[in-house]
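> Provided below for reference: sequence and predicted model.
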Amino acid sequence: MLRAAGHSYKELESTGLMLVVRRMEIDYVYPAEFDDELTLVTTVLKARGARIEHDYQLIRATDTQLIVAAHSEIACVDRTGAVRRLPSYLQSPIR
């Protein structure tokens with residue numbers, strides 16, 4: 001998301017902001033085995049205020065079997081841990 005917006009995490013930190021995991025939900029659906037080729041699909045659901053929400057799917061490439069489904073909430077904070085608004089380039093245009 002940062003690189004797609006033309007920015008880097010290092011650049012974000014240089015402004016005094018950090019992205020931290022607020023919540024993570026993980027459902028282990030099916031086992032993977034050594035040497036399985038896996039694909040991670042990440043979807044940004046929304047990014048506004050001080051929060052970004054993502055969904056994740058880890059899929060086995062050979063048969064598209066869902067291995068893991070997950071959801072995260074990422075919070076934007078400053079160096080003291082105080083909650084701060086996301087920079088405008090990370091805000092979702094869709095409300």
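Nice, I can see it.

> Name the residue closest to the centre of the chain, please.
Compute the mean C-alpha point of the chain, and by CA atoms, centre = their mean the closest residue is His54, 4.8 Å away.

> Please read off the pLDDT at Ile94 from the model.
Here, the pLDDT recorded for Ile94 equals 53.

> can you check Gln91 too?
On pLDDT, Gln91 comes in at 88.

> Please apply the same query to Arg3.
With respect to pLDDT, Arg3 scores 85.

> Also Met24?
pLDDT at Met24 comes out at 98.

> Where does the spatially closest residue to it that is not a sequence neighbour fall, secondary structure wise?
Spatial nearest neighbour of Met24, excluding adjacent residues (CB to CB, 6 or more residues apart in numbering): Ser72 at 5.0 Å. Every residue, glycine included, has its C-beta placed from N, CA and C. Assigned by DSSP states H and E, Ser72 falls within strand 66-78.

> So which elements touch that strand?
With contacts taken as 3 or more CB pairs under 8 Å, 6 or more residues apart in numbering; DSSP states H and E, strand 66-78 sits against strand 17-28, strand 51-60.

> buried set for the longest one?
Within strand 17-28, the residues scored as buried using 16 or more other CB atoms under 10 Å are Leu17, Leu19, Arg22.

> for the shortest one, same thing?
Within strand 51-60, the residues that count as buried by 16+ other CB under 10 Å are Arg51, Ile52, Glu53, His54, Tyr56, Gln57, Leu58, Ile59, Arg60.
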